[in-house]
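Visitor: What shape does this take:
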Amino acid sequence: MTAEGDQTTDPDHQAGAATTADSAPTRRGRVAAFFDLDKTVIAKSSTFVFSKPFFAQGLLNRRAVLESSYAHFLFLLSGADHDQMERMREHLTKMCAGWDVEQVKSIVAETLHELVDPLIYAEAADLIADHKIRGHDVVIVSASGEEMVGPIAEVLGASRTAATRMVVEDGKYTGDVEFYCYGEGKVEAIEKLAAAEGYDLSRCYAYSDSVTDLPMLSAVGHPTAVNPDRNLRREATARGWPILAFSNPVSLWARFQSPSSTTLAATAAVGLSAVLAGAISYRLLRRRR
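Guide: Numbers count the residues shown, from 1 in each chain. Next up is the predicted model:
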């Protein structure tokens with residue numbers, strides 16, 4: 001993890017809340033770290049990652065796969081601006097109209113380890129583990145669909161997620177969007193979580209690669225640009241925000257000693273996030289000694 005800017009001082013490492021002779025200590029809210037997903041935590045678009053198994057099971061045709069590949073190439077090359085994100089949203093919602101929701105969930109569950117695990121930035125995994133060690137909640141906030149974001153967040157050991165929700169009728173997507181977790185929508189999502197969980201956004205952290213997440217980054221006290229696109233880099237530099245470069249996507253499983261295949265099969269569904277978070281945390285704690 002390469003830092004290109006000065007890190008913001010962590011308020012949790014400072015002295016406790018100030019007091020006066022006539023007042024009790026100031027009560028502070030809880031802390032969360034909000035992470036964008038694509039190009040911040042994983043090296044590719046989470047939506048694009050599953051295009052191959054979606055094609056294999058008949059949800060996508062060849063033209064749709066080619067269009068998705070081209071869109072992903074542009075995304076990796078230069079990021080995505082507001083207009084591109086809107087076009088992508090319209091394309092994806094029309095494409096998935098009529099898909100069976102349970103089939104999508106099944107495909108994601110069956111291919112998650114193979115397709116996503118090797119794409120997770122090691123630096124992001126360490127940073128997530130560091131926040132968890134410090135008692136912070138970790139929240140994945142993504143414009144991708146909740147059926148994909150949720151399982152990825154579980155692998156990462158995240159506490160909560162905020163993602164795009166599609167309208168579902170009779171078990172199938174209608175092609176309409178119930179909530180688009182993008183731009184100001186991300187701010188709406190984290191403010192709702194803050195109200196429900198008691199987060200003090202002035203003490204919270206946010207990480208993203210895209211200028212389209214400027215509203216989310218601006219909503220917290222400790223924003224950081226990760227692998228920023230050109231426009232976000234300019235904004236981060238002007239505002240004095242830290243800039244991090246993540247460049248090492250590796251398989252989380254390959255980094256740690258794994259239990260037997262029998263044990264993995266029995267515990268993967270309920271214990272994957274705990275195993276990974278515990279292993280990462282243990283490695284970080286040993287490093288600090």
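Visitor: For the protein, just list every one of the helices.
Guide: In the chain, the segments counted as helices under DSSP state H are 46-49, 51-56, 62-78, 82-96, 101-115, 122-133, 146-156, 184-197, 214-218, 230-239, 252-255, 261-288.
Visitor: Least reliable of the ones you listed by average pLDDT, please.
Guide: Ranked by mean pLDDT, the helices of the chain end with helix 261-288 at the bottom, a mean of 38.
Visitor: count of neighbours near Gly221?
Guide: The local packing of Gly221 (other Cβ atoms under 10 Å) involves 14 other residues. C-beta here means a position set from N, CA and C on the backbone, and glycine is covered the same way.
Visitor: so how far is Thr212 from Lys172?
Guide: From Lys172 across to Thr212, the span is 29 Å (Cβ to Cβ, to the nearest Å).
Visitor: now Ser144
Guide: As defined by Cβ to Cβ, Ser144 lies at a distance of 13 Å from Thr212.
Visitor: Check Trp241 too.
Guide: Going from Trp241 to Thr212 by Cβ to Cβ gives 16 Å.
Visitor: Arg160 now?
Guide: In this structure, Arg160 lies at 21 Å from Thr212, with Cβ to Cβ as the measure.
Visitor: out of those two, which sits in the busier spot?
Guide: With neighbours defined as other Cβ under 10 Å, Arg160 and Thr212 compare such that Thr212 has more, 22 against 18.
Visitor: Show the pLDDT at that one.
Guide: With respect to pLDDT, Thr212 scores 92.
Visitor: before we move on, what about the one 10 residues further on?
Guide: On the pLDDT scale, His222 is placed at 98.
Visitor: which non-adjacent residue is nearest it?
Guide: The shortest distance from His222 to any residue that is not its chain neighbour, by Cβ to Cβ, 6 or more residues apart in numbering, is 4.4 Å, and that residue is Tyr205.
Visitor: and that neighbour, bridged to which residues?
Guide: On the basis of DSSP bridges, Tyr205 is bridged to Ala33, His222.
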